[in-house]
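J.: Predicted structure and sequence below. I'll ask about it afterward.
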Amino acid sequence: MQKHIVIHNAERDNIDTWVKYRNGLCDSCNAVCCTMPAEVRVRDLIRLGVIEAFDLETDPKHLAKRLQKMGVIEHFNFRHSLFTLARRAGGDCHFLDARTRQCTVYEKRPDTCRDHPQKIGPRPGFCPYRQKSRPAARSAD
């Protein structure tokens with residue numbers, strides 16, 4: 001009996017194509033969720049080591065301007081005190097390793113990343129899974 005391998009390629013912006021999340025799915029995924037905007041709070045930025053604890057006393061608007069100049073954030077929502085992390089030109093999170101597609105700050109990652117997709121996101125419990133492309137087979141010479 002042959003085992004069929006299903007390759008799923010969800011569209012990030014079409015949540016109807018997302019798959020039900022299960023443990024271990026991230027191991028073979030191309031980190032599509034790491035191309036989505038990530039909203040973080042000041043405590044996340046402290047955990048990431050981007051700012052210090054004393055920055056809690058800094059006016060959020062001034063902090064946001066400083067972080068934008070540093071290239072850490074791309075947007076600040078003053079009403080909700082949410083910072084949107086900057087992404088690279090291709091849309092990848094600044095903390096995503098482009099080669100391995102693994103988070104470079106996994107142990108210090110923001111709460112948004114810790115809780116996605118189980119608790120938060122456009123479709124909680126589902127993720128935009130896209131299988132990593134496999135390296136081409138090498139021919140024996």
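T.: Nice, I can see it. Residues are numbered from 1 along each chain as shown.

J.: what residue is smack in the middle of this protein?
T.: C34 (2.8 Å; Cα atoms, centre = their mean).

J.: Look at that residue and give its secondary structure.
T.: helix (DSSP: H, G, I helix; E, B strand; the rest coil).

J.: Test my guess that V105 contacts D44.
T.: No: V105 lies out of contact with D44 (Cβ atoms under 8 Å); the separation is 10.3 Å. (C-beta placed from N, C-alpha, C; glycine too.)

J.: pLDDT on stretch 73-83, on average?
T.: Computed over stretch 73-83, the mean pLDDT rounds to 96.

J.: pretty sure P117 is in a strand, no?
T.: No: going by three-state DSSP, the assignment for P117 is coil, not a strand.

J.: what's around it, how many residues?
T.: 21 (other Cβ atoms under 10 Å).

J.: Next up, the contacts around the nearest residue to it once chain neighbours are set aside.
T.: Leaving out its chain neighbours, the residue that sits closest to P117 by Cβ to Cβ, 6 or more residues apart in numbering is C127, at 4.2 Å. By Cβ atoms under 8 Å, 6 or more residues apart in numbering, the residues touching C127 are A10, W18, V19, Y21, L25, C29, V32, C33, H116, P117, G121.

J.: next one: N9
T.: T17, R130, Q131.

J.: ranking the residues you listed by neighbours, who comes first?
T.: Of all these, R130 has the most neighbours under the rule other Cβ under 10 Å, reaching 21 neighbours.

J.: That one is in contact with C26, isn't it?
T.: No: contact criterion Cβ under 8 Å: R130 and C26 do not qualify, at 11.4 Å.

J.: The chain: strands as residue ranges?
T.: Per DSSP state E, the chain carries strands over the ranges 19-20, 39-40, 73-77, 82-85, 126-127.
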